[in-house]
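[1] Next one to model:
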Amino acid sequence: MTRRNVVAVGMLFFWLSVALPPASAYQPAVMDLQHILAAFRRMHGLAMYFICKKRLAVLKQPFISGGSIAMMQPDGVRFTTLWPYRSCFILHGNRVYMRTENNRRWHVGQGSRQEVVRRMMQEFARWSLGRAQDISRAYHVQETVGRVAVPPPPQAPRMPPRSKQRPFPKSLRLFTLIPTSPTVRHAVKFIRLGFSGGHPQLRWIEIKLVGGNKSCYWLTHIRTDPHFVPDEFQPKGPP
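    Numbering: from 1, shown residues only. Predicted coordinates:
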């Protein structure tokens, strides 16, 4: 698999995981998830780092990457991979700008793929900042009883020092989302979301695809309402 393909697969996995379309309303778990998401409405912006571990059938060893995510009301999103390569996707208006370390300039996505990425990025921003739609149609939601142990994040070179961040939680509140759409079920077996307690934050995402491929994301160094530079969501400078 080429580096460009790995970037594309990683981006698709990530937006599938965080753009929460809807789940069965009669399940108590749906009410619990809606309550958590409602608490995010007070935020104007959000910034975080991520560490991702992918197990793909085409790779003999897990592929580990890391980067940063920035979001701002109403729908500004910047998704940056920092290592082992550099790339960036920016949602600006109704366009998605892309650039990798091998490109000399930013370019706009074209065709159906660009439309899918744009819609996913917009939904991700709305959900993460508390403007989620009803979550009762596209997923069955199951909540695991009690807090569940999750694996620690992999070693992450070139990430912020861990001394500046509290240790990653050893256990989280888990919700499993099972697609109701036959089309989605052909690709996605389930999505699992892990929230910290107290003042909930999304800290862990697991995506299991049909065929056995799996991706896990650990979200760290989360900051609410951070100060963004004026051109944070503009396609300027290097990725």
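[2] what's the nearest residue to Pro84 if we skip its chain neighbours?
    Ser65 (6.4 Å; C-beta to C-beta, 6 or more residues apart in numbering). (Each C-beta comes from the backbone N, C-alpha and C, glycine too.)
[3] Distance check, the one you found against Asn102.
    Distance from Ser65 to Asn102, counting by C-beta to C-beta, to the nearest Å: 16 Å.
[4] sorry, back to before: state whether the residue nearest to Pro84 and Thr81 are indeed in contact, as I suppose.
    Yes. Counting by C-beta atoms under 8 Å, Thr81 is a contact partner of Ser65 at 5.7 Å.
[5] Mind checking which of those two has more residues around it?
    Legend: neighbour count by other C-beta atoms under 10 Å for Ser65 and Thr81, higher for Thr81 (24 against 21).
[6] can you give me phi and psi for the more buried one?
    Backbone torsions of Thr81, given as degrees, to the nearest 10, read phi -90, psi 130.
[7] can you check Pro238 too?
    phi -70, psi 160.
[8] go on, Leu56?
    phi -120, psi 150.
[9] about what we covered before: is it true that the residue nearest to Pro84 lies in a strand?
    Yes. According to DSSP: H, G, I helix; E, B strand; the rest coil, Ser65 belongs to a strand.
[10] and it, what does it touch?
    Gly10, Ile51, Cys52, Lys54, Thr81, Trp83, Pro84, Tyr85 (C-beta atoms under 8 Å, 6 or more residues apart in numbering).
[11] Am I right that Glu101 is in contact with Pro84?
    No. Counting by C-beta under 8 Å, Glu101 does not reach Pro84; the two are 10.4 Å apart.
[12] Need the CA coordinates for stretch 98-107. PDB is fine.
    C-alpha atoms of stretch 98-107 as PDB (Å, rounded to 0.1, in the frame of the first residue of the first chain):
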ATOM      1  CA  MET A  98      -5.600  18.900   0.900                       C
ATOM      2  CA  ARG A  99      -1.800  19.000   0.900                       C
ATOM      3  CA  THR A 100       0.900  16.400   1.700                       C
ATOM      4  CA  GLU A 101       4.600  16.900   2.300                       C
ATOM      5  CA  ASN A 102       5.200  16.000  -1.300                       C
ATOM      6  CA  ASN A 103       2.900  18.700  -2.700                       C
ATOM      7  CA  ARG A 104       4.100  22.300  -3.400                       C
ATOM      8  CA  ARG A 105       0.700  23.800  -3.000                       C
ATOM      9  CA  TRP A 106      -2.800  23.100  -1.700                       C
ATOM     10  CA  HIS A 107      -5.400  21.600  -3.900                       C
END
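[13] partner residues bridging the residue nearest to Pro84?
    In this entry, Ser65 is beta-bridged to Cys52, by DSSP bridges.
[14] Give me the distance between it and Trp218.
    The spacing between Ser65 and Trp218, counted by C-beta to C-beta, is 11 Å.
[15] what is in contact with the two at once?
    Both Ser65 and Trp218 are contacted by Ile51, Cys52, under the criterion C-beta under 8 Å, 6+ apart.
[16] quick one, helices of this structure?
    3-18, 28-38, 111-128, 182-185 (DSSP state H).
[17] same question for the second one, mean pLDDT?
    Just to be clear, that refers to helix 28-38. On average, the pLDDT along helix 28-38 is 84.
[18] Going by contacts, tell me the helices and strands next to it.
    Contact here means 3 or more C-beta pairs under 8 Å, 6 or more residues apart in numbering; DSSP states H and E; on that basis helix 28-38 packs against strand 139-143, strand 171-179.
[19] Just put the ones you listed in JSON lines and tack on distance to Pro152, mean pLDDT and mean neighbour count.
    Listed next are those as JSON lines, based on distance: least, C-beta to C-beta, whole Å; pLDDT from 0 to 100; neighbours: other C-beta atoms under 10 Å:
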{"stretch": "strand 139-143", "distance to Pro152": "23", "mean pLDDT": "87", "mean neighbour count": "20"}
{"stretch": "strand 171-179", "distance to Pro152": "11", "mean pLDDT": "90", "mean neighbour count": "20"}
